[in-house]
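quick one, fold the following:
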Amino acid sequence: MSAEINASSRRKFMQGLAVGAAALPVGDLLARDPAAARARQGAGAAQSGTMGGGVPAASSTSYVHNVDAYGAVGDGKTLNTAAIQAAIDTCAAAGGGTVVVPPGVYLTGPLFLKSHMVFEVMAGSTLLGSPDFKDYPTIAGRWEGLDRTVYASLLTGMDLENVTIHGRGTLDGSGAVWWDAFRKTMALRRQMNLLAREPENPPGSPLAWPRARMINLYRSKNISIRDLSIVNSPSWNIHPVDCENVLIDGVSIVNPQMSPNTDGIDPESCRNVRIANCYISTGDDCIVIKSGYKYIADHPFGVCESIVVTNCMFGFGHAGVGIGSETAGGVRNVAVSNCVCDGTVRGLYIKSARGRGNVIEDIRADNWTMRNLIDAPVMLTLLYEAGDATKPMPVDATTPTIRNVYFSGVTANHVKRAIVIQGLPESPIQNVFLRDIAVESTGTGVICSEAAGVTFQSVTVSPDAGPAMEVSDTRDLEVLRFRAGKANAGQPVIKLEGVQNAIVESSSAAAGNDVFVEVAGTGNENVQLLRNRVPAGAKAVSLTGGASDSVVTERD
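Numbering: from 1, shown residues only. Now for the predicted structure:
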């Protein structure tokens, strides 16, 4: 009797499984049994009828759309733009749902996403961008901070809501043909003296318009991009413009080191953006936050604000995380934490220039570790395309400002320069706080100029050349518990020139320097040296270049 009961129970259980599988959304069934899912979707399409060309008609009950059912072929040779776009359009016409790209290599031109949609690139599938520029229509978009005609991108979206782009598959942009055309176009521009970015490419250029991107979204909100692998982008990889509430999580972006302008993730004039758990190695900045190229009186750009970057790893790139240099709309409220750089040019890089205008403010970066950097782990500069930086210019709407920047918990080894802060005479970088930082540099130490309100607290620098810290044309400077971990004979540990209202307190250096603090020139005022541990054999203070001892106060 118990055997009969057990057999009956097993039959009921198996029947329940069959009923449950029949009720599964096709996307879930694809994950469990791709063949059954395609068969069921094909049967559903046959019942609901087809559109011209064998493309299934929209069904009010179908909310998962496998691109194979719309005629897409994953052989890496067939151009699938129309078939995949039909799946997207049918999904949108039904009110939303999921478009699934199953395993295979799907050659395609630009695809235009729609609202209320999940676009899933499954594990084992690749969306391969066509290498033929004729397959790329143009749109009104933005490139390098200017609104202009551009080639549409592999995944393009305008005025969207509630869109997810995800999956364990790959987006491959066939970038090599684009990079070659770009280099040839730039050579032609240089021959024609078209050095500014405003003029369009001249007739006969290999590139008629600025290059496609991999994912390019405009004026959209509630966007999620997750788990994809993105390779060989024609230019920038993920570029949301004037978007709101964007999540980018777990994405891998890899482009060759010499690929031009292949930025990883570029939120531009966006609000409420979260970037987490990504690996990025590119031919340009890994992550860079932007808001329009330069001040244009009759064309204001939107601010980029409330941005979080966390738990990311960076290989090659011009910066791990950058802000700028296109900052005409301003950037504010940015938090960056728990990141690793290995082989980037710079780590944290904030950059703007005369002519860009507006304000970069309220930036905080914490808990970074870096090694093998080509330049500096921390760099703030307003000298990007600055011209003669020593000559003050009038302050107006084109003048850029950087203020309220906080860095803490940074460790960097094998870098060229330790820390760089470079303001303008008419616009000093304001209110910078650096704490708990240790840098071993193969070149110079801290370089700070044209700044106001700068604090170095518990900072250790070990440069191979020059002073451990060199500060010029700066007011309201605090150096607290600073340490030079390596001595450079013939150099001071700290050099101050044109500094007003400075405190160097509780600081120390390795033995071997001749001078602890050098005060140079006639532009210094109110320099206080308090309770420092001067190395044996070193002079506590040296006055050079006409500096007066009346500006220096020493206390043990």
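
if I look at the closest residue to Ser508 other than its chain neighbours, how far off is Pro210?
Spatial nearest neighbour of Ser508, excluding adjacent residues (C-beta to C-beta, 6 or more residues apart in numbering): Arg533 at 4.0 Å. All C-beta atoms are positioned from the backbone trio N, CA, C, and that covers glycine. Using C-beta to C-beta, to the nearest Å, one obtains 56 Å as the distance from Arg533 to Pro210.

so for the two, which residue has more residues nearby?
When neighbours are counted by other C-beta atoms under 10 Å, Arg533 and Pro210 differ, and Pro210 comes out ahead with 25 against 11.

residues touching that one, list them.
Applying C-beta atoms under 8 Å, 6 or more residues apart in numbering, we find Pro210 in contact with Trp143, Glu144, Arg148, Val150, Tyr151, Ser235.

wait, the fifth one touches Phe133, no?
This points to Tyr151. Yes - contact between Tyr151 and Phe133 holds when scored by C-beta atoms under 8 Å: they sit 7.3 Å apart.

so if I had to pick from the two, which one is more boxed in?
More crowded of Tyr151 and Phe133, by other C-beta under 10 Å: Tyr151, with 26 against 18.

which residues touch the residue nearest to Ser508?
Ser506, Ser507, Ser508.

give the contact list for the second one.
If I follow you right, that is Ser507. Here Ser507 is in contact with Val479, Leu480, Arg481, Phe482, Arg483, Ile494, Asn532, Arg533 (C-beta under 8 Å, 6+ apart).

for the second one, give the beta-bridge partners.
By that I understand Leu480. Using DSSP bridges, the bridge partners assigned to Leu480 are Gln457, Glu505.

correct me if wrong: it contacts Leu434.
No - here Leu480 does not reach Leu434: they are 10.4 Å apart, not a contact under C-beta under 8 Å.

what do these two both touch?
Residues touching both Leu480 and Leu434 (C-beta under 8 Å, 6+ apart) are Thr455, Phe456, Gln457.

closest to Val254 among these?
Phe456 (36.1 Å; C-beta to C-beta).

what helix or strand is Arg142 located in?
Assigned by DSSP states H and E, Arg142 belongs to strand 138-143.

contact partners of that strand?
147-152, 156, 158, 209-210, 216, 218, 241, 268.

how far off centre is it?
Computed by C-alpha atoms, centre = their mean, to the nearest Å, the chain-centroid distance of strand 138-143 equals 20 Å.

in it, what's buried?
Buried residues in strand 138-143, counted by 16 or more other C-beta atoms under 10 Å: Ile139, Gly141, Arg142, Trp143.

gap between the two ends of stretch 259-279?
End-to-end distance of stretch 259-279 (C-alpha to C-alpha, to the nearest Å): 17 Å.

show me where pLDDT drops low in this protein?
Scanning the chain with the threshold set as pLDDT under 70 gives 1-61, 386-388.

confirm Arg190 sits in a helix?
Yes - assessed by DSSP: H, G, I helix; E, B strand; the rest coil, Arg190 belongs to a helix.

for Lys184, see how far away it is.
Arg190 sits 11 Å away from Lys184, going by C-beta to C-beta.

comparing these two, which shows the higher neighbour count?
Looking at Arg190 and Lys184 with other C-beta under 10 Å, you find the greater number of neighbours at Lys184, namely 13 against 10.

so which bits of stretch 543-556 are buried?
Neighbour counts over stretch 543-556 (16+ other C-beta under 10 Å) mark Leu543, Ala547, Val551, Val552, Glu554 as buried.

what separation is there between the last one and Val504?
The one in question is Glu554. 10 Å.

quick one, phi psi at Trp179?
Dihedral pair for Trp179: phi -70, psi -40, per degrees, to the nearest 10.

got it, and Pro102?
According to degrees, to the nearest 10, Pro102 has phi -80, psi 180.

surely it meets His65?
No - applying C-beta under 8 Å, one finds Pro102 not in contact with His65, separated by 11.3 Å.

out of these two, which sits in the busier spot?
His65 (30 against 22).

the more buried one: helix or strand, and which one exactly?
Under the assignment here (DSSP H and E), His65 is part of strand 64-66.

now that strand, how far from the centre of its chain.
Offset of strand 64-66 from its chain centre (C-alpha atoms, centre = their mean): 32 Å.

if we can go back for a sec, what touches both of Glu554 and Val504?
Residues touching both Glu554 and Val504 (C-beta under 8 Å, 6+ apart) are Leu529, Leu530.

what's the most distant pair in the contacts of strand 138-143?
By the measure C-beta to C-beta, Trp209 and Glu268 form the most distant pair in the contacts of strand 138-143, at 18.0 Å.

among the buried residues of stretch 543-556, which pair sits farthest apart?
Greatest spatial distance in the buried residues of stretch 543-556: Ala547 and Glu554, 14.0 Å, computed using C-beta to C-beta.

from Asp263, how far off is the residue most central in space within the chain?
Most central in the chain under C-alpha atoms, centre = their mean is Ile287, positioned 1.1 Å from the mean C-alpha point. Note on Ile287: its distance to Asp263, by C-beta to C-beta, is 8 Å.

re earlier: top of the shared contacts of Leu480 and Leu434 by neighbour count?
Within these, most neighbours by other C-beta under 10 Å means Phe456, with 25 neighbours.

ok, now which ones touch that one?
Going by C-beta under 8 Å, 6+ apart, Phe456 touches Leu434, Val446, Met469, Glu478, Val479, Leu480, Phe482.

tell me how far Met158 lies from Gly320.
As for Met158, its distance to Gly320 is 30 Å (criterion: C-beta to C-beta).

those two: which is more packed in?
More neighbours surround Gly320 than the other of Met158 and Gly320, with 32 against 16 (other C-beta under 10 Å).

quick one, phi psi at the more buried one?
Gly320 adopts backbone torsions of phi -70, psi -60, taken as degrees, to the nearest 10.

pretty sure it is touching Val288, no?
No - assessed by C-beta under 8 Å, Gly320 is found out of contact with Val288, at 9.8 Å.

just the element for Val410, please.
strand 401-422.

name the helices or strands packed onto that strand?
Judged by 3 or more C-beta pairs under 8 Å, 6 or more residues apart in numbering; DSSP states H and E, strand 401-422 is in contact with strand 348-351, strand 359-371, strand 378-381, strand 429-462.

out of those strands, which is the most enclosed?
strand 348-351 (a mean of 27; mean count of other C-beta atoms under 10 Å).

can you get me the centre-to-centre distance for stretch 541-554 and its chain?
That offset, for stretch 541-554, works out to 44 Å (C-alpha atoms, centre = their mean).
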